[in-house]
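Enquirer: Let me see the structure of the following:
(2 chains)
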Amino acid sequence: MTHYKTTVLSDTGRFGPYGGCYVPEVLWPTMQELAAGFAEAITDDEFLRELAHHRTHFCGRPTPLTYCQRLTEDIGGAKLYIKHEGLNHTGAHKMNHCLGQILLAKRLGKKRIIAETGAGQHGYATATVAAKFGLACTVYMGAKDYARQRPNVYWMERLGAEVVPVQTGDQTLRDAVNAAMQDLITHPADTHYLLGTVCGPHPYPRMNAYFQKVIGEEVRWQLAEYGEGLPNVLTACCGGGSNALGVMYEFLDEPTVELVAVEAGGRGITETATKADHAARFQTGSVGVVEGFKSYFLQSPDGQVKGSHSISAGLDYSGVGPQVAYLYDEQRLQAAYATDDEVLVAYERLARLEGMIGAMESCHGLVEAVKQCAARPAHEVVVCHLSGRGEKDLFITARHFDRENFQKFVTDWSHDQQ
Amino acid sequence: MTNNKPTEGKNSLMTHLVGGYPDWETWRQTLQLMSDLGVEYTEVQLPFSDPIADGPTITQANYAAIAAGVTVEQVFAELAALRGQLQQKVLIMTYYNLIHKMGVGEFVRACEDAGVWGVIVPDMPLDEEPHEQFWAGCAQGQLAVVPVVSPMTTSQRLQQVAAMRPALVYGMSRTGITGRETQFGAAFGQYIARVRAALPAARLAVGFGVQTPADVQAVTAVADTAVVGSAVLRRLQGGGVAAVEAYLTELLTAGKP
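Expert: The predicted structure follows:
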């Protein structure tokens, strides 16, 4: 039997042909220091105790595994359980690697945290741990995102972070990543780059997978409390892949458990020479080396990275993590996708039948979970990882469900100021 | 080849241009100008969508070139067409994805056909060579791989670089990105001495923050070649080829009789 768990946390930073550490020379010592510091920290009981303490008393772990009785009956197939990671502090699984990395940064004597953010969720979680643990924090955000995600900029600033709008390029996530890299290249000694998914150069994929695997570990014992055995299938949305790996890691070496990573199907699997209408890397992507790691990327035939699209900012990314790419090639996990329209339907169904407002990202996993339930007999178990809650998506979902009232609200609010 | 070597009595410079930027005609003129003035090396960057080691000036030029439709194939074709007219050694500077996508063998052949002397690939560290066989492929094509070292590079790592027997080494003057000022002080001198000692057979080009004639003199006093990148690009953007000519002339003759 293949030991996928061992490979996915390999300290070589290589997962089959993927991963690696393709960084400029000036970053090499920083990545080495981080890899060594991380490897040492996770053998230190004191570090692990501190991590466990804050997971319980700051984040609110464990997050619940909820049996979805009404939705299960409505679908009429296998039993659906939802791992509700939206009840983690700041509303998503992102907190798990933010907490782990900030404890590591403190241990390495770093004075300053930097991060990239797209819509702002990762920046928000980073600003939160920086405030909690007393480190200075700079968050890079594409100028377009900065303008259209004002609420998250507001939260980061309330938490004491400096939010820098990046004016280069498309002024979106990719430009924020480049700006954060350049900051790290400029201040390698005192700064920790708190990278927000299982992408980037070694050791980030290994490290973030390690900090996220708590999700699946909880699912295993929580299912046992319900009197269930192993799940038949696990679904999770997949942007970079941190939440998918987090819930799936525990079950990688259980061959009966099917794993489905759900990418953003956006407006459909179509694209131009420079931009895709989706973020389904396993549908139309190809292998490349970008932003320090080797994996699947949406790119042109001569290697220019294409822009992506998704209704959910967290999945709107051209690359996918190297461990996910490895597990896909090994056929240990399947790749599916859900379109923007399917996601909105699943979102509303979950809210009305189960009393949960899911994040747009997470509802991609739900679309697939509903399909899986419908296709399976009643005694089987489907676990859907709801990686985040959806209050953050107010301005996106309201555009679809309550446009006129919101337009009036925003206009009135704006007039109140004068 | 002309009889009077244009580089004689001048500071050795390495300049940088983004392929096809700001347009092909200006790019050709500037590349030829650099040759005529006696620039020793010119890096031609293959524009890339995610240039992580470049500062804002060069990054924007990358994006603009891609938006204008510049392709890798075109850059090689243009260089091939200029073959024989250029006196300087031409280097391809790029990020590894573009090479990976072509395949190392195909990339090396394209460089040979275009008369390219060497390559600089900032995100292809030595440590990934077992997975990529990039240095090995370039060696087969007589293409010089120019490794990058920085003040953060340890002596042990300099030994690893030396083992690759590079003809030319690119020394970053400091940590950071392209296009900002650098202080060339005592620590800089010690760092350069350390690189020299580890790599006695290699020529040494030093860049990052080289902007003024005084910078060029400070660098060429201890290294073989001074690299000017973003500073030239800003002249090109602000005053066109004429501004580049005036600026490079000043740098090439700084401190010379």
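Enquirer: Tell me which stretches of the stretch 51-200 of chain B form helices.
Expert: With DSSP state H, counting those that start in this stretch as the criterion, the stretch 51-200 of chain B has helices at B:56-67, B:72-82, B:96-102, B:104-113, B:129-132, B:134-140, B:155-163, B:186-198.
Enquirer: Following the chain onward from the helix or strand containing residue A:176, which element is next?
Expert: Here residue A:176, judged by DSSP states H and E, is contained in helix A:173-186. Counting by DSSP H and E, the element after helix A:173-186 in chain order, helix or strand, is strand A:191-193.
Enquirer: what's that next one in contact with?
Expert: Contacts with strand A:191-193, where a contact means C-beta atoms under 8 Å, 6 or more residues apart in numbering or on different chains, come from A:34, A:101, A:104-105, A:108, A:110-115, A:180-181, A:183-184. To be clear about C-beta, it is placed using only N, CA and C from the backbone, and glycine gets the same treatment.
Enquirer: Could you find the closest non-adjacent residue to residue A:149?
Expert: Spatial nearest neighbour of residue A:149, excluding adjacent residues (C-beta to C-beta, 6 or more residues apart in numbering or on different chains): residue A:120 at 4.7 Å.
Enquirer: follow-up on the earlier one: what comes up buried for the helix holding residue A:176?
Expert: Neighbour-count burial for helix A:173-186 flags A:173-185 (criterion: 16 or more other C-beta atoms under 10 Å in any protein chain shown).
Enquirer: again, but for stretch B:200-220
Expert: By 16+ other C-beta under 10 Å, the buried positions in stretch B:200-220 come out as B:202-211, B:215-220.
Enquirer: Dump it to PDB, restricted to CA.
Expert: Taking C-alpha atoms only, stretch B:200-220 is exported to PDB below (Å, rounded to 0.1, in the frame of the first residue of the first chain):
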ATOM      1  CA  PRO B 200      38.500  33.100  -8.600                       C
ATOM      2  CA  ALA B 201      38.000  31.900 -12.200                       C
ATOM      3  CA  ALA B 202      34.700  33.500 -12.800                       C
ATOM      4  CA  ARG B 203      34.000  37.100 -14.000                       C
ATOM      5  CA  LEU B 204      31.800  39.000 -11.600                       C
ATOM      6  CA  ALA B 205      29.000  41.300 -12.600                       C
ATOM      7  CA  VAL B 206      27.300  43.200  -9.800                       C
ATOM      8  CA  GLY B 207      23.900  44.800  -9.900                       C
ATOM      9  CA  PHE B 208      20.800  46.000  -8.000                       C
ATOM     10  CA  GLY B 209      20.700  49.700  -7.300                       C
ATOM     11  CA  VAL B 210      23.500  50.700  -9.700                       C
ATOM     12  CA  GLN B 211      22.300  54.100 -10.900                       C
ATOM     13  CA  THR B 212      24.900  56.800 -10.900                       C
ATOM     14  CA  PRO B 213      28.400  57.200 -12.500                       C
ATOM     15  CA  ALA B 214      29.800  57.000  -8.900                       C
ATOM     16  CA  ASP B 215      27.900  53.700  -8.400                       C
ATOM     17  CA  VAL B 216      29.500  52.300 -11.600                       C
ATOM     18  CA  GLN B 217      33.000  53.400 -10.400                       C
ATOM     19  CA  ALA B 218      32.400  51.800  -6.900                       C
ATOM     20  CA  VAL B 219      31.300  48.500  -8.500                       C
ATOM     21  CA  THR B 220      33.900  48.300 -11.200                       C
END
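Enquirer: Averaged pLDDT, stretch A:78-92. What do you get?
Expert: Stretch A:78-92 shows a mean pLDDT of 97.
Enquirer: That stretch: how far from the chain's middle?
Expert: 13 Å (C-alpha atoms, centre = their mean, to the nearest Å).
Enquirer: Run through the chain and note the low-pLDDT ranges.
Expert: You didn't pick a chain, so chain A it is. A:1-2, A:417-418 (pLDDT under 70).
Enquirer: could you do chain B instead?
Expert: Counting by pLDDT under 70, the ranges of chain B that qualify are B:1-6, B:175-182.
Enquirer: Give me the neighbour count for residue A:104.
Expert: Using other C-beta atoms under 10 Å in any protein chain shown, residue A:104 has 23 neighbouring residues.
Enquirer: Ok, residue B:168 next?
Expert: 22.
Enquirer: From chain B, how far off is the residue nearest to residue A:149?
Expert: As judged by C-beta to the nearest C-beta, to the nearest Å, residue A:120 and chain B stand 21 Å apart.
Enquirer: okay but that residue is in contact with residue A:142, surely?
Expert: No. Contact criterion C-beta atoms under 8 Å: residue A:120 and residue A:142 do not qualify, at 10.6 Å.
Enquirer: how much space between whichever residue of chain B sits closest to chain A and residue A:306?
Expert: Per C-beta to the nearest C-beta, residue B:101 is where chain B lies closest to chain A, at 3.4 Å. According to C-beta to C-beta, to the nearest Å, residue B:101 stands 13 Å off from residue A:306.
Enquirer: Give me the common contacts of these two.
Expert: Joint contacts of residue B:101 and residue A:306 (C-beta under 8 Å, 6+ apart) are residue A:299.
Enquirer: Now do the contacts for residue A:162.
Expert: A:136, A:137, A:138, A:139.
Enquirer: Out of these, which end up buried?
Expert: A:137, A:138, A:139.
Enquirer: Chain B: which of these is nearest?
Expert: Distances from chain B to the buried ones among the contacts of residue A:162, taken by C-beta to the nearest C-beta, are shortest for residue A:138, at 15.4 Å.
Enquirer: does the closest one count as helix, strand or coil?
Expert: Secondary structure state of residue A:138, per DSSP: H, G, I helix; E, B strand; the rest coil, is strand.
Enquirer: Looks like it contacts residue A:164 (just checking).
Expert: Yes. At 6.2 Å, residue A:138 counts as touching residue A:164 under the criterion of C-beta under 8 Å.
Enquirer: so which of the contacts of strand A:191-193 also contact chain B?
Expert: With C-beta under 8 Å from any C-beta of the partner chain as the criterion, the contacts of strand A:191-193 include residue A:181 near chain B.
Enquirer: Cross the contacts of strand A:191-193 against strands and list the overlap.
Expert: Among those, DSSP state E puts A:112, A:113, A:114, A:115 in strands.
Enquirer: Measure how buried the third one is and give me the count.
Expert: Residue A:114 is flanked by 26 other residues according to other C-beta under 10 Å.
Enquirer: Which strand residues bridge it?
Expert: Taking DSSP bridges as the rule, residue A:114 bridges to residue A:138, residue A:193.
Enquirer: Touching, it and residue A:177? I think so.
Expert: No. Using C-beta under 8 Å, residue A:114 is not in contact with residue A:177; the gap is 11.0 Å.
Enquirer: Quickly list what's touching both of the two.
Expert: Joint contacts of residue A:114 and residue A:177 (C-beta under 8 Å, 6+ apart) are residue A:140.
Enquirer: OK, contacts around the residue nearest to residue B:207 when sequence neighbours are not counted?
Expert: Closest residue in space to residue B:207, ignoring its immediate chain neighbours: residue B:227 at 2.7 Å, by C-beta to C-beta, 6+ apart. Each residue near residue B:227 by C-beta under 8 Å, 6+ apart is listed here: B:13, B:14, B:15, B:16, B:43, B:170, B:205, B:206, B:207, B:208, B:210.
Enquirer: from the residues you listed, which single one is nearest residue A:215?
Expert: Using C-beta to C-beta, residue B:208 comes nearest to residue A:215 of the contacts of residue B:227, at 42.7 Å.
Enquirer: Settle this for me: the closest one is touching residue B:184, isn't it.
Expert: No. Using C-beta under 8 Å, residue B:208 is not in contact with residue B:184, being 10.7 Å away.
Enquirer: can you list the residues of chain B near chain A?
Expert: Within chain B, the positions near chain A by C-beta under 8 Å from any C-beta are B:48-53, B:55-56, B:59-60, B:63, B:66, B:71-73, B:96-98, B:100-102, B:122-125, B:127-128, B:131, B:147-150, B:152-154, B:157, B:172, B:175-177.
Enquirer: For chain A, which residue gets nearest to chain B?
Expert: Nearest residue of chain A to chain B (C-beta to the nearest C-beta) works out as residue A:303 at 3.4 Å.
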